[in-house]
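Novice: For reference, the sequence and a predicted model appear below.
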Amino acid sequence: MLFRNLDFSADDGQIWQITGANGAGKTTLLRILVGLHGFYEGEVRWAGPLAPSLLYLGHQPGVREELTARENLRYSQALAGQSGDPDAALDALGLYGFEDVPAGRLSAGQKRRIALARLWLGGKRVWVLDEPFTAIDQDGVARLDARLREAAAGGTLVLYTSHHRVGEGVHRLHLSGDGAEVLA
Amino acid sequence: MSGIWWASLRRELTLIWRAPADMVQPLFFFVVVVSLFPLGLSPKPELLALVAPGAVWVAALLAVMLSLDGLFRRDQESGALDQMLTAPVVTVVPVSAKLLAHWLLTGLPLALIAPLLGYMMQLPVAVLDTLMVSVLLGTPTLTVVGAIGAALTVGLNRGGILLAVLVLPLYIPVLVFGAGVVRTAQDGLPTDGLLAVLGAILALALSLGPVAVALGLRISAGD
């Protein structure tokens, strides 16, 4: 068993950080929440259908090395039905000039930035992000942090896992072997 | 929804096109395996013509199966599969585009080169078109049915053998009717009925297969 006694409810415009030791079940919890993992006891309830408003970024960035940065983002965008200009989104993450470079020739951090560029496209009200801060540099962390806050201020619900320091006004859910507790 | 389908098709074709080894390998395998028969058996034309339908069909079947092992693997490893499963469209949409792209760049070339291999195996020229049509009707079924196995084994490290065990028994009807059509044509009998059976199997595979593949992927993602 990964965790038990987990009970929390999150609202529009909130940012939730899920913390816990390695193997505590953070990724599994996110996969349960978005419906990828079906083996659990309990209940997950969303207000309305989740799929149209969900933006899920998994542990792996979902970027194929054979495709260029732009092709990757365009496909993610089409699949998820997001609005917005993909080039502007890549630009916002400092990938200007790398649009036509195959992702296989980019660094791990740049690959993650391609995936994160989806956050700069519109149309999604629930963001579920697995370790969004890994592999990106300080400047990227700052930009991402600002983006999460901006989105939350606009009414988006943000759920993410991270070992990153907790900022102001972030709700925190801690998973441990004995049970899960909501802090702050 | 159709926009997503076209975007998916373009992505899948680009992916295969950028890594052409995946596309050339089954074709190469097909040609090499069939070429080994005259060397291993005997170059006698009567004997080769006798085994040709079975040899070409078994080689085509194995070529398709080998190509399917990696069908979903890289999408799963890169996390792109999770994107497809959490997208606001039914998973059948990206899956069917993927299957079509895969068949266009692996199954179709097999069908196009099959007459040449049949000719090499001393099949009468009058039978070669039947051979091509049978492979053309059979390979999409092999792709779709094999993809169900590939979807179920995508999370496993060494899924190749398990894939063969799962999928090969399901390939038997296609093999029986595919090789049967060619043999019937060799005997100078009408082939319409057997081709219709191959077509019916294809229709069944196309209507139910993509749904089964999508479900298989969801099961694999769940653990």
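Specialist: Thanks, I have the structure now. Residues are numbered from 1 along each chain as shown, chains lettered A, B, ... in the order given.

Novice: C-alpha only now, for contacts and for neighbours.
Specialist: OK.

Novice: Flag every residue of chain A that's near chain B.
Specialist: Chain A has residues A:34-39, A:51-52, A:54, A:56-64, A:66-67, A:71, A:75-76, A:78-81 near chain B, with proximity defined as CA under 8 Å from any CA of the partner chain.

Novice: Okay, and which of the residues you listed map to helices?
Specialist: The subset of these located in helices under the criterion DSSP state H comprises A:71, A:75, A:76, A:78, A:79, A:80.

Novice: surely the third one meets residue B:85?
Specialist: It refers to residue A:76. No: taking contact to mean CA atoms under 8 Å, the distance of 11.9 Å between residue A:76 and residue B:85 leaves them out of contact.

Novice: Chain A: helices as residue ranges?
Specialist: In order along the chain, chain A carries the following helices (DSSP H): A:26-33, A:69-80, A:86-92, A:108-116, A:138-153.

Novice: any chance of these in CSV, plus mean pLDDT and mean neighbour count?
Specialist: Formatted as CSV, the entries for the helices of chain A read as follows, by pLDDT from 0 to 100; neighbours: other CA atoms under 10 Å in any protein chain shown:
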stretch, mean pLDDT, mean neighbour count
helix A:26-33, 90, 20
helix A:69-80, 93, 22
helix A:86-92, 91, 19
helix A:108-116, 91, 22
helix A:138-153, 90, 16
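
Novice: Residue A:16 is nearest to which of those helices?
Specialist: Taking CA to CA as the criterion, residue A:16 comes closest to helix A:138-153 out of the helices of chain A, the separation being 10.2 Å.

Novice: Who are the packing partners of that closest one?
Specialist: Packing partners of helix A:138-153 (3 or more CA pairs under 8 Å, 6 or more residues apart in numbering or on different chains; DSSP states H and E): strand A:15-20, strand A:157-161.

Novice: Could you check the angle the last one makes with helix A:138-153?
Specialist: Yep, that's strand A:157-161 we're talking about. Between the axis of strand A:157-161 and that of helix A:138-153 there is an angle of 140 degrees, by axes from the mean of the first three to the mean of the last three CA atoms, to 10 degrees.

Novice: Which neighbouring elements make contact with strand A:157-161?
Specialist: Packing partners of strand A:157-161 (3+ CA pairs under 8 Å, 6+ apart): strand A:15-20, strand A:126-130, helix A:138-153.

Novice: quick check: angle from the longest one to helix A:108-116?
Specialist: Relative orientation of helix A:138-153 versus helix A:108-116 (the same axes, to 10 degrees): 20 degrees.

Novice: contacting residues around helix A:138-153?
Specialist: The set of residues external to helix A:138-153 that reach it, using CA atoms under 8 Å, 6 or more residues apart in numbering or on different chains, is A:12, A:13, A:14, A:15, A:93, A:119, A:120, A:133, A:157, A:158.

Novice: And these, which of them are buried?
Specialist: Those of those that meet the buried threshold are A:13, A:14, A:15, A:93, A:119, A:120, A:133, A:157, A:158, by 16 or more other CA atoms under 10 Å in any protein chain shown.

Novice: sorry, back to before: pick the most deeply packed of the helices and strands packed on helix A:138-153.
Specialist: When neighbours are counted by mean count of other CA atoms under 10 Å in any protein chain shown, the highest per-stretch mean among those falls to strand A:157-161, a mean of 23.

Novice: Render the CA-only coordinates of it in PDB, please.
Specialist: C-alpha atoms of strand A:157-161 as PDB (Å, rounded to 0.1, in the frame of the first residue of the first chain):
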ATOM      1  CA  LEU A 157      -6.400  24.800 -10.500                       C
ATOM      2  CA  VAL A 158      -2.700  23.700 -10.300                       C
ATOM      3  CA  LEU A 159      -1.600  20.400  -8.800                       C
ATOM      4  CA  TYR A 160       2.000  19.500  -8.900                       C
ATOM      5  CA  THR A 161       4.600  17.300  -7.300                       C
END
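
Novice: Now do the residue sitting furthest away from the middle of chain B against residue B:183, distance only.
Specialist: Using CA atoms, centre = their mean, the residue of chain B lying farthest from its centre is residue B:44. It sits 30.0 Å away. Residue B:44 is 18 Å from residue B:183, where distance means CA to CA, to the nearest Å.

Novice: ok, what's across the strand from the residue most central in space within chain A?
Specialist: Within chain A, the residue whose C-alpha comes closest to the C-alpha centroid is residue A:129; the distance, by CA atoms, centre = their mean, is 1.7 Å. Here residue A:129 shows beta-bridge partners residue A:57, residue A:160, assigned using DSSP bridges.
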